[in-house]
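[1] need a structure here:
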Amino acid sequence: MSKKSTPTINEQIAKKSEELTQAQMTQTNAHSEYVKAMKAKSIVSEGETEKIEKLNKLMFDHFTTYQNALEDAKKLEAELSQLVAQKYLEELLSE
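    Below you'll find the predicted structure:
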C-alpha cells in the first residue's frame, strides 16, 4: 500500500501563494484589457454599431474575468492568512 503524503504547512503556503499570484495576474491583465477595449470604444463613431457591440462584449468579458479573479484573490488571501496563522501556532507550540 502506498501512503499518500500530506503536504507540509510550508508547501501549502507556497501553493496558496502561487495561486494568489496567478489570480492577481489574471485580475491585472483583465483590467488592462478592459481599459483597452473602453478606450477603443471611445474612438468608435456612434454609427458603427457592430464595432460597439463587439467592444461592449469584450468589455463585459474582461470585467467578468476581473471580478472572478478579484473574488478568487480575496478567498486565497484569507486561506493564506489562515495557513500562516496555523504555521505560527505550530512554531509556538513546538518551542
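[2] so Thr6, which of the three states?
    With DSSP: H, G, I helix; E, B strand; the rest coil as the basis, Thr6 sits in coil.
[3] how about low-confidence regions in the chain?
    1-4 (pLDDT under 70).
[4] name the element His62 belongs to?
    His62 is located in helix 49-94, with elements delineated by DSSP states H and E.
[5] for Asn10, same thing?
    Counting by DSSP H and E, Asn10 is part of helix 9-42.
[6] buried residues in that helix, which are they?
    9, 12-13, 16, 19-20, 23-24, 26-27, 30-31, 33-34, 37, 41 (16 or more other CB atoms under 10 Å). Using the backbone N, CA and C atoms, a C-beta is placed for each residue, glycine as well.
[7] which member of the residues you listed is positioned nearest Phe63?
    When the buried residues of helix 9-42 are compared for distance to Phe63 (CB to CB), Tyr34 wins out at 5.5 Å.
[8] quick revisit: same for the helix holding His62, what does it pack against?
    Where contact means 3 or more CB pairs under 8 Å, 6 or more residues apart in numbering; DSSP states H and E, helix 49-94 is packed against helix 9-42.
[9] distance from the chain centre to the helix it packs on, please.
    5 Å (CA atoms, centre = their mean, to the nearest Å).
[10] and that helix, what does it pack onto?
    Using 3+ CB pairs under 8 Å, 6+ apart, helix 9-42 is in contact with helix 49-94.
[11] sorry, back to before: what angle sits between the helix holding Asn10 and helix 49-94?
    Helix 9-42 runs at 160 degrees relative to helix 49-94, counting by axes from the mean of the first three to the mean of the last three CA atoms, to 10 degrees.
[12] follow-up on the earlier one: among the buried residues of helix 9-42, which one lies nearest to Leu58?
    Among those, and counting by CB to CB, the member closest to Leu58 is Ala37, at 4.4 Å.
[13] just to check, that closest one is in contact with Phe63?
    No - contact criterion CB atoms under 8 Å: Ala37 and Phe63 do not qualify, at 9.3 Å.
[14] what is the burial count for the nearest residue to His31 once chain neighbours are set aside?
    Once flanking residues are discounted, His31 sits nearest to Tyr66: 5.2 Å by CB to CB, 6 or more residues apart in numbering. Residues lying near Tyr66 (other CB atoms under 10 Å) number 19.
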